[in-house]
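A.B. asks: when you get a sec, could you give me coordinates for this:
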Amino acid sequence: KAGDRILFGEYAGVKVKYCLDDHVIMSADEVAAVVVDGKVVPVRDRVMLKPIEKPVETSAGIVLTSEAAKAQEVPNQGEVVAKGEGRFTAKGEIEPIPIEIGEKVMYTKYAGTELEIDGEKRVFVFAADCIAKYG
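C.D. replies: Here you go, the predicted model:
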């Protein structure tokens, strides 16, 4: 709603100048989270993940750097640290997110918006982009 502090990705929305001030016009789907009483809260069917960066090892036992690991098509993984209330159905009802805080998930390669919050990397993804739960 008007006046809320929101978080969104670097490439979200359209930047415009209005009354000599800079503004960004965006759809609701581009908003990743709102800030409520200093706490970051994902919106609708988004979850906030703390990325899990596991070292990737080849069959010969060589540990790869993070850049080399990306070339190995290792799935993105993260731990759920917060989640939104759920998605709206066609009937206007809220369908809760079937993922709980503390669970570890794998998510699709190009999903999510990376943001730094309190000096730590966080990834906001739609719950539908989480393809597996584990651990």
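A.B. asks: contacts and neighbour counts: CA atoms only from here.
C.D. replies: Will do.
A.B. asks: show me what secondary structure element comes after the helix or strand bottoming out on mean pLDDT in the chain.
C.D. replies: Least confident helix or strand of the chain, by mean pLDDT, DSSP states H and E, is helix 66-71 with a mean of 59. Going down the chain from helix 66-71, the next helix or strand is strand 76-83, by DSSP states H and E.
A.B. asks: find me the pLDDT at Glu85, would you?
C.D. replies: The score at Glu85 is 92. That number is its pLDDT.
A.B. asks: repeat that for the one 10 residues further on.
C.D. replies: Glu95 carries a pLDDT score of 92 in this model.
A.B. asks: repeat for Val56
C.D. replies: We have a pLDDT of 66 for Val56.
A.B. asks: make residue 1 into 191 and carry on from there
C.D. replies: Sure thing, new numbering starts at 191, so read that last one as Val246.
A.B. asks: spit out the contact partners of Leu239.
C.D. replies: Leu239 makes contacts with 268-272, 312-315, as judged by C-alpha atoms under 8 Å, 6 or more residues apart in numbering.
A.B. asks: most neighbours among these, which one is it?
C.D. replies: Phe314 (26 neighbours; other C-alpha atoms under 10 Å).
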